[in-house]
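Student: Here is a sequence together with a model predicted from it:
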Amino acid sequence: GAEERSAIASTTKLMTAYVAMKELGPEKVVTAAPYEPIYGESLLGLQEGERVSVHDLLYGLLLVSGNDAAHTLAVAAAGSEDRFVGQMNRYAAALGLANTHYANSIGLDQRGNYSTAADLATLTRRLQRHAAFAEIVDTRSARLRSLSPPRRIDNSNDLLAMAPWVTGVKTGHTFDAGYVLVASGERDGVSLVSVTIGSPTEEARFLENLELLEYGFSQYQRRLPIRRGQDLADPEIRYSGGQLPLRAERSLQVGVRRGERVDL
């Protein structure tokens, strides 16, 4: 079901983070926008008019899935929620996410807000190229120092505590989407992303992703095609004669899927 369009709950906020990181600097300080939540929403607890850094809003967005943080980022980046959603869809198209469309920056159930497991994995792989994003989603807790007084928050992704090699990423839950989790891990030179949508319980989504990642890692083996000090080439020295051995300064480790070969 990798290409099946589904409600994706707060994993919508992965694109919210992507656009915010493109449009806003992390040190920029913005004003918390007015936001009226409905019962049961996840919130960072911002007060209207409160000053907060984009850096701290991203932590609030990705660790506790704060809908107020998502809305404030949207207004700060585009001036309004509607214009920001337009940006989200333009970035989705540019990234080739053909089965993804956004109707809000938060992930609440709404017609036109959907994605697929495959598109979520693609987006996550792109996000993890950003060191700041990778650091945030691999954090168990954080202290938001731009708020007054500073506030401590904990990550809602319990998978981080279930295996030392887990590196993220984002939880989600709504009535239409069920329990959702985009997860990632790194082991023996291999980085993998897993996605479950529509898990029946909170516990199931963690166990299912753990199982998916364990399976993925079982398909790879570690190879060391280049070793430190290895003589890789001996080019001739033009005009003066002789050769200059070129040796590897460091070893290179790669993860190779079963059946694949490494070309050097």
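Tutor: That came through, no problem.

Student: then stretch 101-109 to PDB, C-alphas only?
Tutor: C-alpha atoms of stretch 101-109 as PDB (Å, rounded to 0.1, in the frame of the first residue of the first chain):
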ATOM      1  CA  HIS A 101      -1.800  17.400  -1.300                       C
ATOM      2  CA  TYR A 102      -2.200  19.700   1.700                       C
ATOM      3  CA  ALA A 103      -5.300  21.500   3.000                       C
ATOM      4  CA  ASN A 104      -3.800  22.800   6.300                       C
ATOM      5  CA  SER A 105      -0.400  23.100   8.000                       C
ATOM      6  CA  ILE A 106      -1.400  21.000  11.000                       C
ATOM      7  CA  GLY A 107      -2.700  17.600   9.800                       C
ATOM      8  CA  LEU A 108      -6.300  17.900  11.100                       C
ATOM      9  CA  ASP A 109      -8.700  15.700   9.100                       C
END
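
Student: Give me the longest helix you can find in the chain.
Tutor: helix 202-218 (DSSP state H).

Student: pLDDT on that helix, on average?
Tutor: Averaging pLDDT along helix 202-218 gives 97.

Student: helices and strands around that helix, which ones?
Tutor: Applying 3 or more Cβ pairs under 8 Å, 6 or more residues apart in numbering; DSSP states H and E, one finds that helix 202-218 makes contact with strand 166-174, strand 178-187, strand 190-199. Bear in mind the C-beta positions are built from the backbone N, C-alpha and C, glycine included.

Student: Adjacent strands (with direction) for the last one?
Tutor: Strand 190-199 has these partner strands in its sheet, going by DSSP bridges: strand 178-187 (antiparallel).

Student: quick one, the partner strand and strand 166-174 angle?
Tutor: On the basis of axes from the mean of the first three to the mean of the last three Cα atoms, to 10 degrees, strand 178-187 is oriented at 170 degrees to strand 166-174.
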